[in-house]
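> I need the structure of the sequence given here:
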Amino acid sequence: MAVLASGRGSNFRALAKRCQDETFPAEVACLMTDNRSAGAIEIAAGFGIAWHLVDAGEKRGRLQPGAESEIVARCESARADLILLAGFMRILEDAPGGLLDRFRGRVINVHPSLLPSFKGLHAQRQALEYGVKVAGCSVHFVDASVDGGPIILQSAVPVRDDDDVESLGARILEAEHRAVTRAVELFARGQLRIEGRRVLGT
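Next up is the predicted model:
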């Protein structure tokens, strides 16, 4: 798989570590990031994983023309069967020749909420402000919508009375590590199939 990340890379680290197990049916071929300060770069170097810095442009949340073509080319060069968005803070559009077109049904994302609740940025803060008693994370296939693709796995995390964004976020992140590695394993073993909005085989 190819991993796209913009930040500290904790999900990337969890996955790279899991891939060291010889019984795990997947491996990370490369990392791509749009952030030259991303912690994921140091993680990739530590695991001996090739990484590439993509000039995604200045516009927040979007890829500049040519950036997605570069990502697609690198994914194809790495012979990736699966693309994982692990904190990649850019929206992908379903355009001909783009990532979602060339890897249709093979791009997944991990999001820190129980979708369809609290899409977009600052999901943990949204959950606390709304007053939910249960938060969590979701791993889903990516489509042209924002955090709206078919859901593969979800993991619930109880909200405590004394939680703040940091404490809740830390527990959700632990759940993300387990969920994303499990979703990758299910995909790699060919157990997942999409029927409408439902993902079967989990």
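
> now the strand or helix carrying Ile43: average pLDDT?
Using DSSP states H and E, Ile43 maps to helix 39-47. Mean pLDDT, helix 39-47: 97.

> for it, packing partners?
On a contact count with 3 or more Cβ pairs under 8 Å, 6 or more residues apart in numbering; DSSP states H and E, helix 39-47 meets helix 10-19, strand 30-33, strand 50-53. (Each C-beta comes from the backbone N, C-alpha and C, glycine too.)

> buried set for the top helix by length along the chain?
Longest helix in the chain by number of residues (criterion: DSSP state H): helix 165-188. In terms of neighbour count (16 or more other Cβ atoms under 10 Å), helix 165-188 has its buried residues at 168-169, 171-173, 175-177, 179-184, 186-188.

> same thing with stretch 190-202?
For stretch 190-202, by 16+ other Cβ under 10 Å, it's 192, 199.

> how far does that stretch sit from the chain's center?
18 Å (Cα atoms, centre = their mean, to the nearest Å).

> about what we covered before: any residues touching the helix holding Ile43, and which ones?
3, 5-9, 12-13, 16-17, 20, 28, 31, 33, 49-51, 53, 86-87 (Cβ atoms under 8 Å, 6 or more residues apart in numbering).

> then that helix to PDB, C-alphas only?
Once non-C-alpha atoms are left out, helix 39-47 reads as follows in PDB (Å, rounded to 0.1, in the frame of the first residue of the first chain):
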ATOM      1  CA  GLY A  39       6.400  13.500  11.700                       C
ATOM      2  CA  ALA A  40       5.500  10.700   9.300                       C
ATOM      3  CA  ILE A  41       8.700  11.400   7.400                       C
ATOM      4  CA  GLU A  42      10.900  10.500  10.400                       C
ATOM      5  CA  ILE A  43       8.700   7.400  11.000                       C
ATOM      6  CA  ALA A  44       9.200   6.300   7.400                       C
ATOM      7  CA  ALA A  45      13.000   6.800   7.600                       C
ATOM      8  CA  GLY A  46      13.000   4.700  10.800                       C
ATOM      9  CA  PHE A  47      11.200   1.800   9.100                       C
END
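
> buried set for it?
For helix 39-47, by 16+ other Cβ under 10 Å, it's 39-41, 43-44, 47.

> quick one: the longest helix of the chain to helix 10-19, angle?
Here the directions of helix 165-188 and helix 10-19 differ by 40 degrees (axes from the mean of the first three to the mean of the last three Cα atoms, to 10 degrees).

> avg pLDDT for helix 165-188?
Helix 165-188 shows a mean pLDDT of 98.

> can you give me the first-to-last residue distance of stretch 104-119?
22 Å (Cα to Cα, to the nearest Å).

> how about it: buried residues?
For stretch 104-119, by 16+ other Cβ under 10 Å, it's 105-115, 117-118.

> which ones are touching the nearest residue to Val134 once chain neighbours are set aside?
Ranked by Cβ to Cβ, 6 or more residues apart in numbering and with sequence neighbours excluded, the top spatial neighbour of Val134 is Ala156, at 5.1 Å. Neighbour list for Ala156: 114, 134-136, 175 [criterion: Cβ under 8 Å, 6+ apart].
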